[in-house]
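K.L.:
pasting a predicted model and its sequence here:
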Amino acid sequence: MKPFPSGLGVALVTPFQDNGAIDFPALDALVDYVTAGGVDYLVALGTTAETPTLSTAERKAVLERIKSRNAGRLSLVAGIGGNDTAAVVAALHDFDLAGVDAILSVTPFYNRPSQRGLYEHFRAVADASPVPVILYNVPSRTGVNMQPQTTLKLAEETGNIIAVKEASGDMEQVDELIAGRPDGFHVLSGDDALAVPLIEKGGDGLISVVANAYPAYMAEMVGAAMAQDAKRSHRLWSDIAELEKSLFAEGNPTGIKAALSIKGLIANNLRLPLVVSSPELSDRIRLLASEAGL
């Protein structure tokens, strides 16, 4: 068994019915599908789950349903973050985190705190969390980049910040994180397209969007990279690089929900302000997936 959190995690989508309600049977089926496909752990309530469009009651219901369906088969990460530190701390006390192995907590967005503000925010989150914390740095979405020095200071000075999901796209920043990290601290790719090079630099895996629809393929690719089989991992990535671009061409989870609906796993429904993929994009995803044997 790989040490947690390493290998392949999947950021689960939230399936919706045509009337906009959560499709819990489809969520059950998705958990079973990615588990059978060989992912190493599940991530609930992330960006890909359209979490901002879920009420607090719905977020709790989604987490409970995933916990129930997973039944301890895989490690489970729950997204609990935000741009109001007090509200994040309150959520950590409010949510039932029994059966959750870690939380994934995004950097505060929109209000764009300084590095000192980021440090103090995550110190408060770490102090309040009953489970380990994975930091999530995604400046393209949040408007703020957590510098490696801040991440590493948090890793060194807290007892339960165990990893960072790094989605800055800056490989020099990745180098700094890997070179300076304390023992046991994991650096994970938050970008499917950069997973192989990040792992080759000494990173520990990927939290994937693409694995929702193609878990076995992504498990093979990440496994090859972690086994230092560069020839195979690069070939596997090259074979789906155009498909991956298409999956994000109209935003996330628009593309991956189109792919899942093409495979018959979920209905292609999103909540506003996100919208379904254009017919042209759906056709392109269908074609590229077919050409890749997926």
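P.N.:
Structure received. Numbering: from 1, shown residues only.

K.L.:
export the helix or strand where residue 259 lies as PDB, just CAs?
P.N.:
For residue 259, the element it lies in under DSSP states H and E is helix 254-262. Only the C-alpha atoms of helix 254-262 are listed here, as PDB (Å, rounded to 0.1, in the frame of the first residue of the first chain):
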ATOM      1  CA  THR A 254     -17.800  21.000 -17.900                       C
ATOM      2  CA  GLY A 255     -15.500  18.800 -20.000                       C
ATOM      3  CA  ILE A 256     -15.100  15.900 -17.600                       C
ATOM      4  CA  LYS A 257     -18.900  15.700 -17.100                       C
ATOM      5  CA  ALA A 258     -19.300  15.500 -20.800                       C
ATOM      6  CA  ALA A 259     -16.800  12.600 -20.900                       C
ATOM      7  CA  LEU A 260     -18.600  10.900 -18.100                       C
ATOM      8  CA  SER A 261     -22.000  11.300 -19.800                       C
ATOM      9  CA  ILE A 262     -20.500   9.900 -23.100                       C
END
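
K.L.:
which residues of the stretch 1-150 of the chain score low on pLDDT?
P.N.:
Residue ranges of the stretch 1-150 of the chain with pLDDT under 70: 1-2.

K.L.:
can you give me the strands for it?
P.N.:
In the stretch 1-150 of the chain, the strands defined using DSSP state E, counting those that start in this stretch lie at 7-11, 41-44, 75-79, 102-106, 133-137.

K.L.:
ok, the first one: who's next to it in the sheet?
P.N.:
In the sheet containing strand 7-11, its partner strands are strand 41-44 (parallel), strand 205-208 (parallel), by DSSP bridges.

K.L.:
centre of the chain to that strand, how far?
P.N.:
Distance of strand 7-11 from the chain centroid (CA atoms, centre = their mean, to the nearest Å) equals 7 Å.

K.L.:
rewinding a little: list the contacts of the following helix or strand past the helix holding residue 259.
P.N.:
For helix 254-262, the following helix or strand on the C-terminal side (DSSP H and E) is helix 279-291. By CB atoms under 8 Å, 6 or more residues apart in numbering, the list of residues contacting helix 279-291 from outside reads 213-214, 240, 242-243, 246-247, 249-250, 254-255, 258-259, 262, 268, 277. C-beta coordinates here come from the backbone N, C-alpha and C atoms, glycine included.

K.L.:
hey, C-alpha coordinates of stretch 223-238 in PDB?
P.N.:
Once non-C-alpha atoms are left out, stretch 223-238 reads as follows in PDB (Å, rounded to 0.1, in the frame of the first residue of the first chain):
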ATOM      1  CA  GLY A 223       2.100   4.200 -11.500                       C
ATOM      2  CA  ALA A 224       4.600   4.200 -14.400                       C
ATOM      3  CA  ALA A 225       5.800   7.700 -13.400                       C
ATOM      4  CA  MET A 226       6.200   6.700  -9.700                       C
ATOM      5  CA  ALA A 227       8.100   3.600 -10.800                       C
ATOM      6  CA  GLN A 228      10.400   5.800 -12.700                       C
ATOM      7  CA  ASP A 229       9.400   4.200 -16.000                       C
ATOM      8  CA  ALA A 230       9.800   7.400 -18.000                       C
ATOM      9  CA  LYS A 231       9.300   5.900 -21.400                       C
ATOM     10  CA  ARG A 232       6.000   4.400 -20.500                       C
ATOM     11  CA  SER A 233       4.700   7.300 -18.500                       C
ATOM     12  CA  HIS A 234       5.600   9.800 -21.300                       C
ATOM     13  CA  ARG A 235       3.900   7.600 -23.900                       C
ATOM     14  CA  LEU A 236       0.800   7.300 -21.900                       C
ATOM     15  CA  TRP A 237       0.600  11.000 -21.300                       C
ATOM     16  CA  SER A 238       1.300  11.800 -25.000                       C
END
